[in-house]
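Colleague: the following block contains a protein sequence and its predicted model.
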Amino acid sequence: QVQLVESGGGLVQAGGSLRLSCVDAELTLSMYNVAWFRQAPGKEREFVAAIRFSSVETYYGDSVKRRFTISRDNAKKTVYLQMNSLKPEDTAVYYCAAGATFGSRGPADFRSWGQGTSVTVSS
C-alpha cells in the first residue's frame, strides 16, 4: 500500500514553470508505476503523464507533450512533474496515482491516490 503526498502547486503566470513532487509516505513507491492526473473545476479527471517503476519509460497526455516532464528518484521515493510553458488551461488540481499496469490512462485503473495539489496559471 502506498500513501501519496503531493506538493509544489501554486500560482504562476502563463509561460512560467512549476515542479510538482509526489512522495510515498510508506516508502514503497519505487515498486510502482506512477502517474499524474489533473482535474479542473467542472471537468473529468484527465491523464497527464506516467512513468514506469524502473524510470526508463514514460508517456504523456497529448495536451502536455513537449511541455511537461515526468521523472522519479527511487532513492528519494519521489516522482516529479516538471511543468514548463504553463497555460491558463493547465489550471487544475494535480494528483499522483499508483498501482496500475504501465500504459494505463484511466483513473479507475489506479489503486492509490494522493490528496492533490492546486495549480493556478494566470493569463
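Modeller: Cool, the structure landed. Numbering: from 1, shown residues only.
Colleague: pLDDT of stretch 104-120, averaged?
Modeller: Mean per-residue pLDDT for stretch 104-120: 95.
Colleague: now do stretch 12-23
Modeller: Here stretch 12-23 scores 97 as its mean pLDDT.
Colleague: contact partners of it?
Modeller: Contact partners of stretch 12-23, identified using CB atoms under 8 Å, 6 or more residues apart in numbering, comprise 4-10, 29, 34, 36, 76-88, 94, 96, 114, 117, 119-123. Every C-beta, even on glycine, is put in place using the N, C-alpha and C of the backbone.
Colleague: you'd agree Q39 is up against D90?
Modeller: No. Using CB atoms under 8 Å, Q39 makes no contact with D90, being 12.0 Å away.
Colleague: any idea how far L29 is from A75?
Modeller: 11 Å (CB to CB, to the nearest Å).
Colleague: hang on, the earlier thing: got a quick PyMOL command for the buried subset of the contacts of stretch 12-23?
Modeller: The buried subset of these, as determined by 16 or more other CB atoms under 10 Å, is captured in PyMOL by this line:
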select buried, resi 4+6+8+9+29+34+36+77+78+79+80+81+83+86+94+96+114+117+119+121
